[in-house]
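> Dropping the sequence and predicted coords here.
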Amino acid sequence: MDPLEKLHQDARVTVRRGGPMNSEGRAVVYWMQRAQRVIDNPALETAVHAANLLKKPVVVFVSVVGDYPNANLRSYTFFAEGIRALAPQLVRRGIGFVLRAWPANDVNRFCDEVNPCLVIGDENPLRKPEHWRQSLSKHLRVPFWTVDADVIVPGKLLLKEQYSARTIRPRISALLDEFLVPVAESRPQVRWRSVKGLHSLSPDSDFLQGLPISRSVGPVGSLRGGTAEGLSLLRRFLRERLPGYAEGRNYPDREHTSRLSPYLHFGHLGPHTIALAVRGAEVPTEDKAAFLEQLIIRRELAVNFCRYNPHYDNLGCAEPWALRTLRQHARDEREHLYTERQLENAETHDPLWNAAQKQMVVSGWMHGYLRMYWAKKILEWTRSPEEAFAIAVRLNDRYELDGRDPNGYAGIAWAIAGKHDRAWGPERPVYGKIRYMSHASTSSKFNSKAYIAMVNSRAG
DNA sequence: ATCGGCTCGCGCAA
DNA sequence: TGCGCGAAGCCGAT
């Protein structure tokens, strides 16, 4: 078989546009969207592999869009830090790097200028990036493949939307031996040489300047973007926080979580890197198992949810039992009603909820256990489940560094719409049979006073 | 401290 | 067709 044929039969690869390679082309283009890294990146490795077979160089293209919904200076800064660190690593491997920002960031135009042999993309189940990929696919006259570098088990192997963790768990577990293996790195055989007239911004320039993005939410001081920063946080997690994770992760007043989600969101770290490091760590099995459940099963359930459910960010995603029960309670009286502004400003009667909201606004990160409580209370304190879903999505996407990510949508869908969950009795006002979380019980499961004090003193 | 009941539907065994 | 069981639930009984 033609070795190129063999390459695209990899389960990670989706052929978006087939046909013969353009042998007159200048290079293999890798349009780097989700997997913004040089290590453990199956999409980049597929591009290198194909380029070596074609005896051509590889050039990576990064587009800085000007209008991503709910993104702002906070998320763009983290993204830009990652991009800056990326460029020298690519150059060291002999791979070209072209960076363009809005309004001159059109990937279609870049491909026209380069005249590629083949274009490689990566995967991300969200609506907007998927639309961009489809639009490029229509535009191109050369083959276009996308490579799923976002998850350990390639998303398309799960075939359909999975009902719950219970149904996805055995399917993923059965494929882990095959897919949870180190991503082999190959050496590009033909170095990229700069091309006259092929415009690129310097990654060291302030390429965020002039973008029409919201500047109302500023960068966070505590976390910096980039693979190196992510790896150093990972090492610290393995050493200091993974031991005791199984028990400690549900205590927002303790430091037992990884905080790696922003690095996963921007692709500065890949799931393989983290999963293999955790699996190999010398800590109790139950701690490793509890973390891998989050990283692999829960995260890939969230990706599967967004990939197969077009309503992933609104109430339309819910199962019939959940819609039925929410509809029956649509007219229930709400004891507290807050506007989006009051919620945003952490002006509710509930000090625990306010502290969680403040932690998110100030630090760009809210503890996972409180994210559930936070979203469920928005359901309780707004006029309708539709409105609650929309507010939770906006606040999450605006303030969390890991916002605009499948994990966030799946979490909100779980809390407000019973997604991946089941009905629970007894029925309550507003919630119906959606699982309820009470203030009394939630705040007694950990030292909530210490948590509130911590947020108020240094905002998480 | 621990347990059962609340309640739904998937996926598999039969 | 029946049965087991599930992301973090709550609450009251023991």
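In hand now; what should we look at? Numbers count the residues shown, from 1 in each chain, chains lettered A, B, ... in the order given.
> pLDDT below threshold where in the stretch 251-400 of chain A?
Applying pLDDT under 70 to the stretch 251-400 of chain A flags no residue at all.
> Tell me the residues of it that contact DNA strand C?
Proximity of the stretch 251-400 of chain A to DNA strand C, by Cβ under 7 Å from any atom of the strand, involves residues A:294, A:298, A:301-302, A:368-369, A:372. (C-beta placed from N, C-alpha, C; glycine too.)
> Moving C-terminal from the helix or strand residue A:303 falls within, which element do we reach first?
Using DSSP states H and E, residue A:303 sits within helix A:299-308. Of the helices and strands lying after helix A:299-308 in sequence (DSSP H and E), the nearest is helix A:320-328.
> Only C-alpha atoms, please: export the following helix or strand past that following helix in PDB.
Using DSSP H and E, the helix or strand that follows helix A:320-328 towards the C-terminus is helix A:340-344. What follows is helix A:340-344, C-alpha atoms only, in PDB (Å, rounded to 0.1, in the frame of the first residue of the first chain):
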ATOM      1  CA  GLU A 340     -26.900  38.600  35.600                       C
ATOM      2  CA  ARG A 341     -25.100  41.700  36.800                       C
ATOM      3  CA  GLN A 342     -25.800  40.800  40.500                       C
ATOM      4  CA  LEU A 343     -24.400  37.300  39.900                       C
ATOM      5  CA  GLU A 344     -21.400  38.600  38.100                       C
END
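> what comes up buried for helix A:340-344?
Neighbour counts over helix A:340-344 (16 or more other Cβ atoms under 10 Å) mark A:343-344 as buried.
> pLDDT at residue A:193, what is it?
Per-residue confidence (pLDDT) for residue A:193: 95.
> Please report how far it lies from DNA strand C.
47 Å (Cβ to the nearest atom of the strand, to the nearest Å).
> isn't that residue right next to residue A:59, touching?
No - contact between residue A:193 and residue A:59 fails when scored by Cβ atoms under 8 Å: they sit 10.1 Å apart.
> what about the helix holding residue A:303 and DNA strand B, touching?
No - Helix A:299-308 stays clear of DNA strand B (Cβ under 7 Å from any atom of the strand), getting no nearer than 11.1 Å.
> what comes up buried for that helix?
Neighbour-count burial for helix A:299-308 [16+ other Cβ under 10 Å]: A:299-307.
> if we can go back for a sec, can you tell me which of the residues of the stretch 251-400 of chain A next to DNA strand C comes closest to DNA strand C?
residue A:298 (4.1 Å; Cβ to the nearest atom of the strand).
> could you measure the nearest residue to the closest one once chain neighbours are set aside against residue A:403, distance?
The spatial neighbour of residue A:298 that comes closest, neighbours along the chain excluded (Cβ to Cβ, 6 or more residues apart in numbering), is residue A:165 at 6.7 Å. Computed as Cβ to Cβ, to the nearest Å, the residue A:165 to residue A:403 distance reads 22 Å.
> Over to residue A:122?
20 Å.
> do residue A:171 as well
In terms of Cβ to Cβ, residue A:171 sits 28 Å off from residue A:403.
> and the two? which has more neighbours close in?
Neighbour tally, residue A:171 and residue A:403, criterion other Cβ atoms under 10 Å: the higher count belongs to residue A:403, 25 against 15.
> Now name the helix or strand holding the residue in the stretch 301-450 of chain A that DNA strand C sits nearest to.
Residue of the stretch 301-450 of chain A nearest DNA strand C, by Cβ to the nearest atom of the strand: residue A:441 (2.8 Å). Applying DSSP H and E as the criterion places residue A:441 in helix A:439-444.
> any residues touching that helix, and which ones?
A:350, A:352-353, A:373, A:448 (Cβ atoms under 8 Å, 6 or more residues apart in numbering).
> if you set the cut-off to 7 Å instead, what comes out?
Defining contact as Cβ atoms under 7 Å, 6 or more residues apart in numbering, one finds that helix A:439-444 is touched by A:350, A:352, A:373.
> repeat for stretch A:125-134
A:16, A:33-34, A:121, A:146, A:155, A:303, A:306-307, A:406.
> please redo it, this time with the cut-off set to 8 Å
Applying Cβ under 8 Å, 6+ apart, the set of residues contacting stretch A:125-134 is A:16, A:33-34, A:68-69, A:107, A:121, A:124, A:146, A:150, A:155, A:303-304, A:306-307, A:310, A:312, A:404, A:406.
> go on, stretch A:418-437?
A:163-165, A:301, A:305, A:317-319, A:321-322, A:325-326, A:328-329, A:332-334, A:372-373, A:376, A:379-380, A:410, A:413-414, A:416-417.
> Flag the shaky bits of the stretch 1-150 of chain A, pLDDT-wise.
Using pLDDT under 70, the stretch 1-150 of chain A drops low at A:1.
> count of neighbours near the residue in it that DNA strand C sits nearest to?
Going by Cβ to the nearest atom of the strand, DNA strand C is nearest to residue A:125 of the stretch 1-150 of chain A, at 15.6 Å. Using other Cβ under 10 Å, residue A:125 is surrounded by 22 other residues.
> doesn't it fall inside a helix?
No - counting by DSSP: H, G, I helix; E, B strand; the rest coil, residue A:125 falls outside a helix, being coil.
> So what does it have for phi and psi?
Dihedral pair for residue A:125: phi -80, psi 0, per degrees, to the nearest 10.
> what do you get for residue A:72?
Main-chain torsions, residue A:72, degrees, to the nearest 10: phi -160, psi -170.
> so it makes contact with residue A:212?
No - Residue A:72 is beyond contact range of residue A:212, at 11.1 Å (criterion: Cβ under 8 Å).
> quick one, which of the two is more surrounded?
Using other Cβ under 10 Å, the more surrounded residue of residue A:72 and residue A:212 is residue A:72, with 19 against 8.
> contacting residues for the more buried one?
Applying Cβ under 8 Å, 6+ apart, the residues contacting residue A:72 are A:213-217, A:398.
> could you check the distance from whichever residue of the stretch 201-350 of chain A sits closest to DNA strand B over to residue A:432?
Residue of the stretch 201-350 of chain A nearest DNA strand B, by Cβ to the nearest atom of the strand: residue A:321 (3.4 Å). According to Cβ to Cβ, residue A:321 and residue A:432 sit 9 Å apart.
> No more questions from me, cheers.
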